[in-house]
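>>> next come a sequence and a model predicted from it.
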Amino acid sequence: MKKILVVDDSSVQRKMIIQIIRKAGFQHEIMEAGDGLEAIGVLGENFEDIGIVLCDWNMPNMNGLEFVEGVAQVPAVAAVPVVMVTTEGTADKIAQAKAANPNMKGYVIKPFTPEQLKEAIAPILGMS
């Protein structure tokens, strides 16, 4: 079973996302990173085992846009599905994120409902 990587500089947001994932019935191992730079390290060491990355946009050190853009440029990790989970919900921001990583699989705007998050990740993880 593939792992889930949750990337957000807010530990409260990470815990909330993880709780929603668990309540939705996903039993996957969940890894965490506090910013894009930390996520690069986690992804680099575990890319074969990670089935999805849930990534915030606004973070220190390396923001989510820089992270997804970097992921798209490295062939070994470019195919790892990424879903942005962020307050950046304007059409321009969504288009910017999709342009940065053509393999982006979803975009969930905060605040979101548990159902919205589940709908975004279930097809990627092979659950309905």
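Thanks, I have the structure now.
>>> check which residues of stretch 78-86 are buried.
80-86 (16 or more other Cβ atoms under 10 Å). To be clear about C-beta, it is placed using only N, CA and C from the backbone, and glycine gets the same treatment.
>>> next up, the contacts around the residue nearest to residue 84 when sequence neighbours are not counted.
Setting aside the residues directly before and after it, residue 84 is nearest to residue 107 in space (Cβ to Cβ, 6 or more residues apart in numbering), at 4.9 Å. Shown in contact with residue 107 (Cβ atoms under 8 Å, 6 or more residues apart in numbering): 83-84, 86, 94, 97-98, 120.
>>> which parts of the protein are helices?
Per DSSP state H, the chain carries helices over the ranges 11-23, 36-46, 64-72, 91-100, 114-121.
>>> what about residue 125, neighbour count?
16 (other Cβ atoms under 10 Å).
>>> likewise residue 93?
Residue 93 has 17 neighbouring residues, counting by other Cβ under 10 Å.
>>> let me know whether residue 26 touches residue 4 as I believe.
Yes. The pair residue 26 / residue 4 is scored as a contact, 7.2 Å apart, by Cβ atoms under 8 Å.
>>> who has more neighbours out of those two?
For residue 26 versus residue 4, neighbours defined as other Cβ under 10 Å are more numerous around residue 4 (22 against 18).
>>> quick check: bridge partners of the more buried one?
For residue 4, the residues forming beta bridges with it (DSSP bridges) are residue 30, residue 52.
>>> circling back to that earlier point, if I look at residue 26 and residue 4, which residues touch both of them?
With Cβ under 8 Å, 6+ apart, residue 26 and residue 4 have common neighbours 121, 125.
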